[in-house]
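A.B. asks: Test case, fold it:
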Amino acid sequence: MINTYHSSVPSLPPPLPPRQSQVLIRPQASSVGRSKTLLRSLLGVAVLHLLLTAGGFAFLYSTGRTEKPPLLSEATFQQSSSRTLARMIVAKRAHLSTSGYLEWDMKHSVRRNINYYHNSWLTVLQPGDYMVFSRVTFSKADPERPLASAVKVRRGESTDETVAMQAYCNIDASGSGSKPQLCTASTAEVISLERGNRLSLWVQDLSLVDYSQAATSFGMYKL
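C.D. replies: Now for the predicted structure:
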């Protein structure tokens, strides 16, 4: 049989595959574009971080100039200056009283939130627990009695004083030896006090006391 389904159009050859250079051009261009975008983003983040850091340093510098923190010595002074306390230095007297209560030199003594009464007594203004301390140095002996000091408390106007603390020391009454003899009677104790209570330091004979400022003192502070 004769094949009548025959075209006179000549058949075309199959298309050639694309060259390798044409295939790689577009991916290279796309990769370069992404690299440039990433580089711009990193550069922007670095510049922003630099600006924030510089702004933070400028803020801290200006704050440090306008609000200077107190020094340690200033803070310590403010804390101690507001504390309730008394440290009394003994007064040198030409005429000694017979009461036995030591009197205090107000020019060298320190008092904060504690009153001073009748040359010898400290008056409590704030109730609470107080550390009370005393130191009495004796320069002479008593031939009949041991040397003693006592912290006395008066709880009210109509009540008599009571002994809250007492201390003793001893000096050789025979007076043997070429060097002068001294002894110190010291006490320290926590005492609960009310507003209006009064305290004083008593000795049996004021003429036996060493009246040096560093040798005889009396004080208290609120806990």
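
A.B. asks: which element follows the helix-or-strand element of the chain with minimal mean pLDDT toward the C-terminus?
C.D. replies: Least confident helix or strand of the chain, by mean pLDDT, DSSP states H and E, is helix 72-81 with a mean of 44. Using DSSP states H and E, the next helix or strand after helix 72-81 towards the C-terminus is strand 85-89.

A.B. asks: which residues are contacting that following strand?
C.D. replies: 104-105, 108-114, 122, 213, 217-222 (C-beta atoms under 8 Å, 6 or more residues apart in numbering). For glycine as for every other residue, the C-beta is placed from the backbone atoms N, C-alpha and C.

A.B. asks: could you redo the last one with a cut-off of 6 Å?
C.D. replies: With C-beta atoms under 6 Å, 6 or more residues apart in numbering as the test, strand 85-89 has contacts from 104-105, 108-112, 114, 122, 213, 217-221.

A.B. asks: okay, now the domains of the chain?
C.D. replies: Taking automatic domain parsing as the criterion, the chain consists of the domains 19-69, 83-222.

A.B. asks: Can you give me every residue that contacts residue 195?
C.D. replies: Contacts for residue 195 (C-beta under 6 Å, 6+ apart) come out as residue 127.

A.B. asks: what about 10 Å?
C.D. replies: By C-beta atoms under 10 Å, 6 or more residues apart in numbering, the residues touching residue 195 are 123-128.

A.B. asks: what does residue 113 give?
C.D. replies: For residue 113, the contacting residues are 82-86, 124-126, 222, by C-beta under 10 Å, 6+ apart.

A.B. asks: surely residue 107 meets residue 91?
C.D. replies: Yes. Assessed by C-beta atoms under 10 Å, residue 107 is found in contact with residue 91 at 9.1 Å.

A.B. asks: Neighbour count: these two, which is higher?
C.D. replies: Legend: neighbour count by other C-beta atoms under 10 Å for residue 107 and residue 91, higher for residue 91 (18 against 7).

A.B. asks: Surely the more buried one and residue 212 touch.
C.D. replies: No. Residue 91 is beyond contact range of residue 212, at 11.8 Å (criterion: C-beta under 10 Å).

A.B. asks: The chain: helices as residue ranges?
C.D. replies: With helices called from DSSP state H, the chain shows them at 20-66, 72-81.

A.B. asks: Go through the ones you listed and find the least confident stretch.
C.D. replies: Lowest mean pLDDT within the helices of the chain: helix 72-81, a mean of 44.
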